[in-house]
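Q: No letters, just coordinates:
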C-alpha cells in the first residue's frame, strides 16, 4: 500500500510538472496561492499581516515574464508597464512595495498615511463575507505616520537607483489621510505632501474613507475647493525637477448623490486636480448580503458586490469631466473582464485589493492575461485606445439616431 501511494504521489508530481512544463513561472504563482485557504482560517487582519510578513521575507514569487505590449500605458507623462495596481490599504506603511511590484503589478499605492502615528479603530475591525468575495472593514486610518513611512520610501528609492534594471518596474503612489483628532484636515494633508511628495510618482487626497468621523464631509463643494487649493499651493511651492511635481488625485466615495458628483467634477476641473480615484468602499449593503451575519458590521464594504456600483460612479465622473481627467478605477475588480469594464467606463488605470486577499499572487498574471485578451478581441492595440469606449459608443449611437431623424447630429462628443 505504501509503495502504491508513493507511485500515485510521484505520478501526481510528474503530471503537474508536465502540465506546467512550458511555464514553470506560473507554477510558482499557483503554489503561492495554494496556501490561501489555510491562511484564511485566521481572522482577516491576522491573515493580512501574515501576507505582509511573507512578502517582507521574500516568499512571494517574482514575475520575469514580459507584459503584453498592449498593456503598456502612459498617464500623466509617466510610463506604467501595465495598468494594474495595488489599491491603498494593502500596504499602508510602505513595507512591501518591492515585493508587490515584483509580482507584476504596474504600480503600488501605499497608505493611507497620516501625519502622526495612530492605531486606528478597536479590533476586531475587518470581516469576511467569503461566499460573496467581499470584506467589510473599519480600520480607521491605522498608520505608522509620515516619518516612519518616509524612512522606508527613502530606502526604497535608494535601492531603486542603485539596482537599476534589477529593481522591479512600476510606480509608487502615496495616499494621504488625516489624523482622527485633527481639527484642520487641510493642514494634515499638507504635512503629508511636504514630507512625502518628493518620493511619490503620484499623490492621493483620501477624503472618502467611511471610517474616520467627518472625513466624507470634505467631498462637499466648499470644503473640497478649500482643501485642494491649500494642498496644491503646498505642492507647487516646493522645488521640483524639470518633470514637475507628482500629479495630485482625489479619491472619492461611491455613495454620492448626483449633485455631489457634479460638484466634485466641477471642483476637480476648475482647481486643476490631475485625476480621480473612483471609488472607495461603500457604507451600503446590497440586498444579496442582507442575511449574512457580517453584513451588520459597521464599516466600508469592498470586493465583488462593489463592482457594479463603483463602475457606474466611474462612468458618471468620466462623463461629467468630459474625459479630461485620468481616472483610476477601483472597487470589485477580480478578473481581467472586470478591469476591462473599468477601462471602458473611463479608467486609465485599475486597482484591486480584496480579490488579491482571496486569490493570492496567481490573480495578478491572470488578470493581465485576461485583460490583454479582451483588448485584442475588441481590436484595441493599447489600454489607452479603450479608455471611455462605452461612452464613445453611447454618444455615437445618439448621433446616428439624430442623423437618422433628420437632425444635424453632434459635431463633438461632449
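A: Perfect, thanks for sending it. Note that the structure is a prediction, hence the values are computed from the model and not measured.
Q: Run through the helices of the stretch 51-200 of the chain in chain order.
A: Using DSSP state H, counting those that start in this stretch, the helices of the stretch 51-200 of the chain run over residues 97-102, 146-163, 185-196.
Q: Now tabulate those in CSV and tack on distance to residue 31.
A: In short, each C-beta sits where N, CA and C put it, glycine included. Conversion of those to CSV gives the following (distance: least, CB to CB, whole Å):
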stretch, distance to residue 31
helix 97-102, 16
helix 146-163, 26
helix 185-196, 36
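Q: Need the winner for burial among those.
A: Among the helices of the stretch 51-200 of the chain, helix 97-102 has the highest mean neighbour count (mean count of other CB atoms under 10 Å), at a mean of 24.
Q: looking at the helices of the stretch 51-200 of the chain, which is closest to residue 355?
A: Judged by CB to CB, the one of these that comes nearest to residue 355 is helix 97-102, at 14.1 Å.
Q: avg pLDDT for that closest one?
A: Model confidence over helix 97-102, given as mean pLDDT, is 98.
Q: tell me which residues in stretch 213-228 are buried?
A: By neighbour count, and taking 16 or more other CB atoms under 10 Å as the criterion, the buried residues in stretch 213-228 are 215-216, 218-219, 223-224, 227-228.
Q: Residue 97 reaches residue 108, doesn't it?
A: Yes: the pair residue 97 and residue 108 qualifies as a contact (CB atoms under 8 Å) at a distance of 5.1 Å.
Q: can you list residues touching both of these two?
A: Shared contacts of residue 97 and residue 108, defined by CB atoms under 8 Å, 6 or more residues apart in numbering, are found at 91, 172.
Q: which stretch among the helices of the stretch 51-200 of the chain comes nearest residue 87?
A: Between residue 87 and those, the tightest spacing by CB to CB is seen for helix 97-102, at 11.0 Å.
Q: Report all helices and strands that the closest one contacts.
A: In this structure, helix 97-102 packs against helix 44-56, strand 107-113, helix 146-163, with contacts taken as 3 or more CB pairs under 8 Å, 6 or more residues apart in numbering; DSSP states H and E.
Q: Which of the buried residues of stretch 213-228 sits closest to residue 280?
A: When the buried residues of stretch 213-228 are ranked by distance to residue 280 (CB to CB), residue 216 comes first, at 8.8 Å.
Q: In terms of pLDDT, where does the nearest residue to residue 220 once chain neighbours are set aside sit?
A: Excluding the flanking residues, the one nearest residue 220 by CB to CB, 6 or more residues apart in numbering is residue 263, at 7.2 Å. The pLDDT attached to residue 263 in the predicted structure is 98.
Q: related to what we said a few turns ago, output the helices and strands packed on helix 97-102 in TSV, with distance to residue 257 and mean pLDDT appended to each entry.
A: Putting the helices and strands packed on helix 97-102 into TSV (distance: least, CB to CB, whole Å; pLDDT from 0 to 100) gives the following:
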stretch	distance to residue 257	mean pLDDT
helix 44-56	31	98
strand 107-113	24	99
helix 146-163	33	98
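Q: To residue 297, which of these lies closest?
A: Smallest distance to residue 297 across the helices and strands packed on helix 97-102 (CB to CB): 10.9 Å, for helix 44-56.
Q: tell me which strands and helices the closest one is in contact with?
A: Going by 3+ CB pairs under 8 Å, 6+ apart, helix 44-56 lies up against helix 36-39, helix 97-102, strand 126-129, helix 354-359.
Q: contacts for stretch 22-39?
A: 16-17, 20, 47, 50-51, 59-61, 63-65, 358-365.
Q: likewise stretch 214-234?
A: Applying CB under 8 Å, 6+ apart, the set of residues contacting stretch 214-234 from outside is 177-178, 185-187, 189-190, 193-194, 205-210, 248, 250, 252-253, 255-256, 260, 263-264, 266-268, 270-273.
Q: Out of those, which end up buried?
A: For the contacts of stretch 214-234, burial is judged from neighbour counts taken by 16+ other CB under 10 Å, and it is met by 177-178, 185-186, 189-190, 193, 205-210, 248, 250, 252-253, 255-256, 260, 263-264, 267-268, 271, 273.
Q: next SSE after the helix-or-strand element of the chain with minimal mean pLDDT?
A: One helix or strand of the chain scores below all others by mean pLDDT, DSSP states H and E: helix 2-19, with a mean of 50. Using DSSP states H and E, the helix or strand that follows helix 2-19 in sequence is helix 24-34.
Q: between that following helix and helix 44-56, what angle do the directions make?
A: Angle of helix 24-34 versus helix 44-56, following axes from the mean of the first three to the mean of the last three CA atoms, to 10 degrees, is 150 degrees.
Q: average pLDDT for helix 24-34?
A: The average pLDDT within helix 24-34 is 97.
Q: And it, how far out from the chain middle?
A: In terms of CA atoms, centre = their mean, to the nearest Å, the gap separating the centre of helix 24-34 from the centre of its chain is 23 Å.
Q: so what's residue 261 closest to, chain neighbours aside?
A: Spatially, and ignoring its direct neighbours in sequence, residue 261 is nearest to residue 316 (5.4 Å; CB to CB, 6+ apart).
Q: The one you found: neighbouring residues, count only.
A: Taking other CB atoms under 10 Å as the criterion, the count of residues near residue 316 is 18.
Q: Secondary structure element for it, which one?
A: Secondary structure from DSSP H and E places residue 316 in helix 307-320.
Q: Parallel or antiparallel, list what pairs with the helix or strand just after that helix.
A: Past helix 307-320, heading to the C-terminal end, the next element that is a helix or strand (DSSP H and E) is strand 327-330. Here strand 327-330 is paired, per DSSP bridges, with strand 275-278 (parallel), strand 347-352 (parallel).
Q: need those in JSON lines with mean pLDDT, can you?
A: Formatted as JSON lines, those follow (pLDDT from 0 to 100):
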{"stretch": "strand 275-278", "mean pLDDT": "98"}
{"stretch": "strand 347-352", "mean pLDDT": "98"}
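Q: which stretches of this protein aren't confidently modelled?
A: In the prediction, the chain carries residues with pLDDT under 70 at positions 1-19, 400, 403, 406-414.
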